[in-house]
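*Asks:* here is a sequence together with a model predicted from it:
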There are 2 protein chains.
Amino acid sequence: MRKGLHGSLHFTSLLRSLLTWPLQPRKILRATTHTDLVVRAKKMGVEVKIVHNASVMNAVGICGLQLYRYGETVSIPFFTDTWRPDSFYEKIRENRNLGLHTLCLLDIRVKEPTLESLCRGRKDYEPPRYMTINTAIEQLLEIAQTREESAYTEDTECVGLARIGSEDQMVVAGTMKQLLLIDFGAPLHCLVITGKTHPLEEEMLDFYRCRT
Amino acid sequence: MRKGLHGSLHFTSLLRSLLTWPLQPRKILRATTHTDLVVRAKKMGVEVKIVHNASVMNAVGICGLQLYRYGETVSIPFFTDTWRPDSFYEKIRENRNLGLHTLCLLDIRVKEPTLESLCRGRKDYEPPRYMTINTAIEQLLEIAQTREESAYTEDTECVGLARIGSEDQMVVAGTMKQLLLIDFGAPLHCLVITGKTHPLEEEMLDFYRCRT
């Protein structure tokens, strides 16, 4: 769907997109993608009504880190052999300089056409991929190693959260090094890099602290 | 209820608090108050299950400013003759320096005992008060005037939001000066001070732009 938004958009596909939104693991009106859809609909004279619901952006509150004390949210994309973007690093650095926590949303690659199919004009899709907390930490540490003064290290306290809101959700607090060893299971995963913590935040994190 | 958390807490009142949470206009697990309750419950061996739901912290997304691009959230308390706290100013300044938006949550004074009743040991409460967007802007501007280089002025673009999620919600984008003249009606109100805006954010704000 994301692709479609950057290309031509028919009224019916617009409506279909709107109707399928609640099933998506992404929050309505969180990102430009969503706003773009609303702007187009309004310009077409389509009435838009938003029904608010839970979102990862406040459900992370479950780990006990105060939602007030989060800085800018970052997205971490899958590295490839030739593409290793690191623009999120500066944002994490700025958040941590201010003592703020950082919510890292991890890449979701669904319905991505294969390079081969793009060349041939056929529609073949890559198998869906969801970034794990482990991959995110590996990528984060790789980037930190290339910097002189690092915004975080393998000893930085983080919280890994998997399948928040589900019956089998998993929340573990620990250093990057510790979380690297944990199998968080099925998607979706996200990661919080802590800033300066309040004693009550620490007390809550203790319930989730890694015992290794 | 907030008072109770700082005093003694009985098991029944704890349970009652938990049961009444969904009716409160404050998000579960957003602030230390909530975390404190959970920590105490867990220590008492009470099983705690969180049911996530919508929150002002993502419902503000309706105005079209990207939720990713918010910095630290601030709370603006009512000024009194003798108490004019301004700790939120620095946070707004830091957010704006980074080009981030700031969500300002406005004071809610409900079940506040009168000074008189506190002295007498009787329980008389002040009438409930909810800060309006207008009062918040007045206080913000008062604080900015005392600073040499101001983080914002009366010409800074903001978004006022009232009763988000209700049928009669009201969203108006405009400068502080413009929003000061608008009657947003019944509570709850909140205010967003914009940071650096993306063209698509601007396009969305245009739908809400003040026409005065």
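*Replies:* Here it is on my side, so go on. The structure displayed is predicted, hence computed values, not measured ones. Numbering: from 1, shown residues only, chains lettered A, B, ... in the order given.
*Asks:* going by C-alpha atoms from here, please, whenever you check contacts or count neighbours.
*Replies:* Fine.
*Asks:* how confident was the prediction at A:Thr102?
*Replies:* At A:Thr102, the model reports a pLDDT of 98.
*Asks:* which residues are in contact with it?
*Replies:* Shown in contact with A:Thr102 (CA atoms under 8 Å, 6 or more residues apart in numbering or on different chains): A:Tyr70, A:Gly71, A:Glu72, A:Thr73, A:Val74, A:Ile92, A:Asn95, A:Arg96, A:Val192, A:Ile193, A:Thr194, A:Gly195.
*Asks:* the second one contacts B:Gly71, correct?
*Replies:* Just to be clear, that refers to A:Gly71. Yes - using CA atoms under 8 Å, A:Gly71 makes contact with B:Gly71 at a distance of 4.5 Å.
*Asks:* the closest residue to A:Pro77 other than its chain neighbours: neighbour count?
*Replies:* What sits nearest to A:Pro77 in space, not counting adjacent residues and going by CA to CA, 6 or more residues apart in numbering or on different chains, is A:Asp107, at 4.9 Å. If you count neighbours by other CA atoms under 10 Å in any protein chain shown, A:Asp107 ends up with 19.
*Asks:* would you list the phi and psi of the residue lying farthest from the centre of chain A?
*Replies:* No residue in chain A sits farther from the centre than A:Gly45, which is 32.4 Å out by CA atoms, centre = their mean. For A:Gly45, the backbone dihedrals (degrees, to the nearest 10) come out as phi 80, psi 10.
*Asks:* now it: how far from A:Val38?
*Replies:* Distance, A:Gly45 to A:Val38, by CA to CA, to the nearest Å: 11 Å.
*Asks:* can you list the residues of chain A near chain B?
*Replies:* Those residues of chain A that sit near chain B, judged by CA under 8 Å from any CA of the partner chain, are A:28-32, A:35-36, A:39, A:50-55, A:57-59, A:61-62, A:64, A:66-74, A:100, A:165, A:200-201, A:203-204.
*Asks:* in helices only, show me these.
*Replies:* Of these, the ones assigned to helices by DSSP state H are A:Thr32, A:Thr35, A:Asp36, A:Val39, A:Met57, A:Asn58, A:Ala59, A:Leu200, A:Glu201, A:Glu203, A:Met204.
*Asks:* quick check: domain ranges of chain A?
*Replies:* Domain assignment for chain A by automatic domain parsing gives A:2-43, A:56-206.
*Asks:* for A:Pro187, grab the count of nearby residues.
*Replies:* 17.
*Asks:* wait, it sits on A:Arg163?
*Replies:* Yes - proximity of A:Pro187 to A:Arg163 meets the contact threshold set by CA under 8 Å, at 6.2 Å.
*Asks:* return the item of the ones in helices among the residues of chain A next to chain B having minimum pLDDT.
*Replies:* The lowest pLDDT within these belongs to A:Thr32, which sits at 68.
*Asks:* I'd like to know how far A:Glu112 sits from chain B.
*Replies:* 23 Å (CA to the nearest CA, to the nearest Å).
*Asks:* partner residues bridging the spatially most central residue of chain A?
*Replies:* By CA atoms, centre = their mean, chain A has its centre lying nearest to A:Leu105, at 1.2 Å. Beta bridges link A:Leu105 to A:Ser75, A:Cys190 when assigned by DSSP bridges.
*Asks:* from what I can see it touches A:Val74, true?
*Replies:* Yes - counting by CA under 8 Å, A:Leu105 touches A:Val74, with 6.2 Å between them.
*Asks:* what stretches of chain A score poorly on pLDDT?
*Replies:* Low-confidence segments of chain A (pLDDT under 70): A:1-32, A:212.
*Asks:* quick one: the helices in it?
*Replies:* Going by DSSP H, chain A shows helices at A:2-6, A:11-20, A:32-43, A:56-59, A:87-97, A:115-120, A:133-145, A:176-179, A:199-206.
*Asks:* and the fifth one, what does it pack onto?
*Replies:* Contacts defined by 3 or more CA pairs under 8 Å, 6 or more residues apart in numbering or on different chains; DSSP states H and E place helix A:87-97 against strand A:74-76, strand A:102-106, helix A:133-145.
*Asks:* most tightly packed of these?
*Replies:* strand A:102-106 (a mean of 23; mean count of other CA atoms under 10 Å in any protein chain shown).
*Asks:* gap between it and the chain center?
*Replies:* The chain centre lies 5 Å from the centre of strand A:102-106; the measure is CA atoms, centre = their mean, to the nearest Å.
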